[in-house]
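Chemist: Here is my input; please provide its structure:
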Amino acid sequence: MALWTKSRRASAFGALALSTVFALSACGSSGDSTTASTGASASAAGGAQLVNPGKLTTCTNVPYEPFQFKDESGKVVGFDVDIVDLAAKKLGVTQEIVDIDFAVIKSGAAMAAKKCDVAAAGMTITDERKANIDFSEPYFDATQALLAKKGTGAKSLDDVKSMNLKLGAQASTTGLDYVKKNGFDPTEYADSPKELLALQSGQADVIVQDLPVVLTWLKKPEIAEKFELITSLDTGEQYGIGLKKGADPVLLKTINETIAAAKADGTYEQIFVKWFGKKPGELG
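Modeler: Next comes the predicted model:
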């Protein structure tokens, strides 16, 4: 989850994940939806083929604040949600969000099983993932970061290793991949909340996570009081909207055109500032 990354790597268990989608059809949450426009049509404008008529169904993995998370009312909101809403509006439909395990998203199984049309989950574009899903043009530049208990004295990954600090990472992410490639064997946690809890409870001294997620955590006084960002890791990652392998060309074209138009007319910058408090290029 790839702020900056991703954050998340592909795996060879696509077939297993696919069977999981069919067996656990209840894992989607149809109640977590967000309206992109009014008067949704029975079919998408321009002839895009959608899983559910009148809806652009998006698979994501909640929470991953500020990209996607539930607000106080229980509605799923976030940067990714707003970006996909633009595409839904262009299609003349509403966006419906399905909360599902990230491993099933990145393997391509969720879309192959027609659980959703697209996946927007802070997902880094990688060659490994391209073998299983198609991607839109990049919509976000991502970087990883290290969050640690205050007072460790660590300032880099090398310090984490030399000081024998306990490192944690979120499973199935590019952050995990990155530290493994640098010689670490971190403890893996199923999602970002569990990873943060491990840091708070002392199971980990340091965790690796997408920079914008870390910065969002540090806005909370109870976290900023005890933990600190020790360094960012420029991994050169970019997020993309995922689609089924061999994606509907109309849908893919619409998403790419929407991203390009939003960047050109200032809408993208407005959404960026809304969720990150800074303009693109000013984070990290």
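
Chemist: what about the helices in this protein?
Modeler: Using DSSP state H, the helices of the chain run over residues 14-23, 79-91, 102-106, 109-112, 127-130, 157-162, 174-181, 192-201, 211-217, 221-224, 249-265, 267-276.

Chemist: Quick one: residues contacting Glu225.
Modeler: Taking Cβ atoms under 8 Å, 6 or more residues apart in numbering, we find Glu225 in contact with no residue. Placement of C-beta: from N, CA and C, glycine included.

Chemist: Low-confidence ranges, this protein, go.
Modeler: Along the chain, segments meeting pLDDT under 70 span 1-46, 284.

Chemist: if we can go back for a sec, turn the helices of the chain into JSON lines, including distance to Ala119 and mean neighbour count.
Modeler: Shown next, in JSON lines, are the helices of the chain (distance: least, Cβ to Cβ, whole Å; neighbours: other Cβ atoms under 10 Å):
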{"stretch": "helix 14-23", "distance to Ala119": "12", "mean neighbour count": "16"}
{"stretch": "helix 79-91", "distance to Ala119": "10", "mean neighbour count": "24"}
{"stretch": "helix 102-106", "distance to Ala119": "5", "mean neighbour count": "27"}
{"stretch": "helix 109-112", "distance to Ala119": "7", "mean neighbour count": "25"}
{"stretch": "helix 127-130", "distance to Ala119": "10", "mean neighbour count": "15"}
{"stretch": "helix 157-162", "distance to Ala119": "29", "mean neighbour count": "17"}
{"stretch": "helix 174-181", "distance to Ala119": "15", "mean neighbour count": "23"}
{"stretch": "helix 192-201", "distance to Ala119": "17", "mean neighbour count": "18"}
{"stretch": "helix 211-217", "distance to Ala119": "18", "mean neighbour count": "24"}
{"stretch": "helix 221-224", "distance to Ala119": "28", "mean neighbour count": "12"}
{"stretch": "helix 249-265", "distance to Ala119": "11", "mean neighbour count": "17"}
{"stretch": "helix 267-276", "distance to Ala119": "19", "mean neighbour count": "16"}
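
Chemist: residue closest to the middle of this structure?
Modeler: Gly122 (1.8 Å; Cα atoms, centre = their mean).

Chemist: Mind naming the longest strand for the protein?
Modeler: strand 227-239 (DSSP state E).

Chemist: distance between that strand and the chain's centre?
Modeler: 15 Å (Cα atoms, centre = their mean, to the nearest Å).

Chemist: Measure how it sits relative to helix 79-91, angle-wise.
Modeler: In terms of direction (axes from the mean of the first three to the mean of the last three Cα atoms, to 10 degrees), strand 227-239 departs from helix 79-91 by 30 degrees.

Chemist: how about strand 227-239: buried residues?
Modeler: 227-233, 235, 237-239 (16 or more other Cβ atoms under 10 Å).

Chemist: and those residues as CSV, adding distance to Tyr268?
Modeler: Below are those laid out as CSV (distance: Cβ to Cβ, whole Å):
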residue, distance to Tyr268
Phe227, 31
Glu228, 30
Leu229, 25
Ile230, 30
Thr231, 28
Ser232, 22
Leu233, 24
Thr235, 22
Glu237, 18
Gln238, 14
Tyr239, 13
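
Chemist: ok, of those, which one's closest to Gln95?
Modeler: Nearest to Gln95 among those: Tyr239, at 17.2 Å, using Cβ to Cβ.
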